[in-house]
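Engineer: Everything below, folded, please.
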Amino acid sequence: MKMNGNEIRQGNIIKHQDTLWVAVKCNAVKPGKGGAFNQVELKNLLDGRKLNERFRAAETVEKVRLEQKKHSYLYEDGEMLVFMNGETYEQIHLHKDFVGDRAAYLSDGMEIDVEFYEERAINISIPEQVTLEVEDTEPVVKGQTAANSFKPATLSNGVRTNVPPFVGVGERLIINTEDGSYVKRAD
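Structural biologist: This next block holds a predicted model:
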């Protein structure tokens, strides 16, 4: 599907220079002299490169739609992570580097979305929050209730994060998968 350069918005996936890019930032500029343009910061979906590009209204780009399929995380196989499509039971192997730091938050049977372009996996989306148990942290100190104080803790997946002083070993916490930060205690 073709679209004008001034219609590109944040989150749009476009085909530019024969590869796939996602628009990270968009800024519509109307200079006093000359025509308006859209200054777009692009990130390459295949290799992670960044590019700043100027698109005029008269230019057209191809907007790409990715196919999303639900998969379940199965297991780790060396440097590969194995996922299964719940409808077709077809398994795919994705390299740990492709998944990145988010791999630490995967657990058996976790439902994720895998985005495909022409049958090639381009991106995965894991849940925004996961529940993990505290394996190691400093003991709870009575009376320590400072509003913005935190202490280090190691979670059941091996990730280190900062938690409030009232959190003890064995407690289950909800953690943000974007940055690994503490959200709240699990019910």
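
Engineer: so how far is V99 from the residue most central in space within the chain?
Structural biologist: Centroid-nearest residue in the chain, with C-alpha atoms, centre = their mean: S125, separated by 5.8 Å. Distance of S125 to V99, given as C-beta to C-beta, to the nearest Å: 11 Å. Every residue, glycine included, has its C-beta placed from N, CA and C.

Engineer: Same check on G34?
Structural biologist: 44 Å.

Engineer: If you count surrounding residues, which of those two has more?
Structural biologist: V99 (20 against 9; other C-beta atoms under 10 Å).

Engineer: and the closest residue to D97 other than its chain neighbours, what does it touch?
Structural biologist: Leaving aside its sequence neighbours, D97 sits nearest to E79 (C-beta to C-beta, 6 or more residues apart in numbering; 7.9 Å). By C-beta atoms under 8 Å, 6 or more residues apart in numbering, E79 lies in contact with H95, K96, D97.

Engineer: Same question for V24.
Structural biologist: V24 sits in contact with Q10, E41, L42, K43, K50, where contact means C-beta under 8 Å, 6+ apart.

Engineer: Kindly recompute the last result at 10 Å.
Structural biologist: Counting by C-beta atoms under 10 Å, 6 or more residues apart in numbering, V24 touches Q10, G11, V40, E41, L42, K43, K50, L51, N52.

Engineer: pLDDT weak spots in the protein?
Structural biologist: Where the chain drops to pLDDT under 70, the residues are 140-147.

Engineer: What strand or helix carries the most far-flung residue of the chain relative to its centre?
Structural biologist: In the chain, counting by C-alpha atoms, centre = their mean, K33 sits farthest out from the average C-alpha position, at 39.6 Å. Secondary structure from DSSP states H and E places K33 outside every helix and strand.

Engineer: what's it in contact with, if anything?
Structural biologist: No contacts exist for K33 under C-beta under 10 Å, 6+ apart.

Engineer: quick one, helices of the chain?
Structural biologist: Assigned by DSSP state H, the chain shows helices spanning 96-99.

Engineer: Got the domain ranges for it?
Structural biologist: Per the record, the chain has its domains at 2-63, 67-125, 129-185, by automatic domain parsing.

Engineer: about what we covered before: could I get the contacts of E79 in a markdown table, plus columns for distance to M84?
Structural biologist: Below are the contacts of E79 laid out as a markdown table (distance: C-beta to C-beta, whole Å):
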| residue | distance to M84 |
| --- | --- |
| H95 | 17 |
| K96 | 17 |
| D97 | 21 |
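
Engineer: What about the closest residue to K151 other than its chain neighbours, how many residues nearby?
Structural biologist: Nearest residue to K151 in three dimensions, chain neighbours excluded: E138, at 5.1 Å (C-beta to C-beta, 6+ apart). By other C-beta under 10 Å, the residues close to E138 number 13.
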